[in-house]
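> Fold the following.
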Amino acid sequence: MADNTVLVPATELAAKNKAHFPDESSEYRQARNELLAEEIELRRHIERVAALRRALPLGGRMPDDYTFEGRDGAIRISQLFGDKDTLVIYSMMFGPQRERACPMCTAMLTSWEGTTRNLRERVALAVTARSPIERLLEFKKERGWQNLQIYSDTKGDYTRAYVSADDGDIPGLSVFRRSNGAIHHFWSGEISGETADPGQDPRGAPDLDPLWTILDLTPTGRDAMWYPKLEYVSLTTIK
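From the prediction side, this is the model:
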């Protein structure tokens, strides 16, 4: 959207809505159209934030061509770009001290598994963790991930530079840009516990996991006490 685009007020656009559903009351329709105007404003704000993100000045040059361990051995971060000029790296919570991978990271990456086939047409994508590569590949096989490429940050140099200076087992998302033979940092998620609103997790905006976006559409919402699990008890097994 161009900066000089003149937008019709959201309330005017919402007033054009012709949607109606069986047995709805006039109170429902009025409230729904008011909500629709807010949804239009939200859509516009998401685009404004995305435009500001794209306009960021050039970030710092990557100090080292970090080495990861993959299925086929050592690989440099510069190689992860392939033929793309943008690389997205998600660092999942699955350090060697963890008995099992983080359920939240796993839930999100399972969603990404499907969309990765499309993402790869535009950008390169990699997943890293601090556990040994053999453990990561075993978990990848367990989850049935075919499209996600996972690597071990064996030495932890990348993790300490772009995820956690003290090598903490925390998630991280970073985007890098390659230009004229150099790799520069473009953006990283920086919303943390210190920036969380009362009663909410320190989640980013917009959410990168469609799980939460869909739950936001439901009557009960996210439920502050519910979190995804690695496994669920099937109702068919309950007697």
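> give me every residue that touches the closest residue to residue 215 other than its chain neighbours.
In space, and not counting its chain neighbours, residue 215 is closest to residue 222: 4.9 Å by CB to CB, 6 or more residues apart in numbering. (C-beta placed from N, C-alpha, C; glycine too.) By CB atoms under 8 Å, 6 or more residues apart in numbering, the contact set of residue 222 is 212, 215, 216.
> Please apply the same query to residue 132.
Residue 132 is in contact with 69, 96, 152, 154, counting by CB under 8 Å, 6+ apart.
> so which of those residues is the most crowded?
The most crowded member of the contacts of residue 132 is residue 152, carrying 21 neighbours; neighbours defined as other CB atoms under 10 Å.
> and residue 127, how many neighbours does it have?
For residue 127, using other CB under 10 Å, the count is 22.
> helix/strand/coil for it?
The three-state assignment at residue 127 reads strand, by DSSP: H, G, I helix; E, B strand; the rest coil.
> Using PyMOL, make a named selection holding only the buried ones among the contacts of residue 222.
Command for PyMOL that selects the buried part of the contacts of residue 222, burial taken from 16 or more other CB atoms under 10 Å:
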select buried, resi 212
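> Narrow the contacts of residue 222 to those in helices?
Residues of the contacts of residue 222 located in helices (DSSP state H): 212, 215.
> Between the contacts of residue 222, which sits nearest residue 14?
The closest of the contacts of residue 222 to residue 14 turns out to be residue 216 (CB to CB; 19.1 Å).
> Show the contacting residues for the closest one.
residue 222.
> again with the one 10 residues further on
Contacts for residue 226 were tallied using CB under 8 Å, 6+ apart; there are none.
> Spatially nearest residue to the residue nearest the centre of the chain (excluding sequence neighbours)?
Closest to where the C-alpha atoms of the chain average out (CA atoms, centre = their mean) is residue 208, at 3.2 Å. Once flanking residues are discounted, residue 208 sits nearest to residue 108: 6.2 Å by CB to CB, 6+ apart.
> neighbours around the nearest residue to residue 158 once chain neighbours are set aside, how many?
Closest residue to residue 158 apart from its sequence neighbours, by CB to CB, 6+ apart: residue 66 at 4.2 Å. Here the count is done by other CB under 10 Å, and residue 66 has 22 residues near it.
> Now residue 66: phi and psi?
phi -60, psi 150 (degrees, to the nearest 10).
> quick one: residue 67 and residue 74 touch, right?
Yes: between residue 67 and residue 74 there is a contact under CB atoms under 8 Å: 5.4 Å.
> of these two, who's got more company?
The neighbour comparison of residue 67 against residue 74 (other CB under 10 Å) goes to residue 67, with 16 against 12.
> Show me what that one bridges to in the sheet.
residue 76 (DSSP bridges).
> mind listing what it touches?
Contacts of residue 67 (CB under 8 Å, 6+ apart): 74, 75, 76, 77, 154, 155, 157.
> that older thread, need the three-state assignment for the residue nearest to residue 215.
Here residue 222 is recorded as coil under three-state DSSP.
> again, but for residue 194
Taken by three-state DSSP, the conformation at residue 194 corresponds to helix.
> Next one: residue 179 relative to residue 13, how far apart?
The gap separating residue 179 from residue 13 is 39 Å, by CB to CB, to the nearest Å.
> who has more neighbours, the two?
A side-by-side neighbour count of residue 179 and residue 13, using other CB under 10 Å, places residue 13 first with 14 against 9.
> check contacts around that one.
Going by CB under 8 Å, 6+ apart, residue 13 touches 37, 40.
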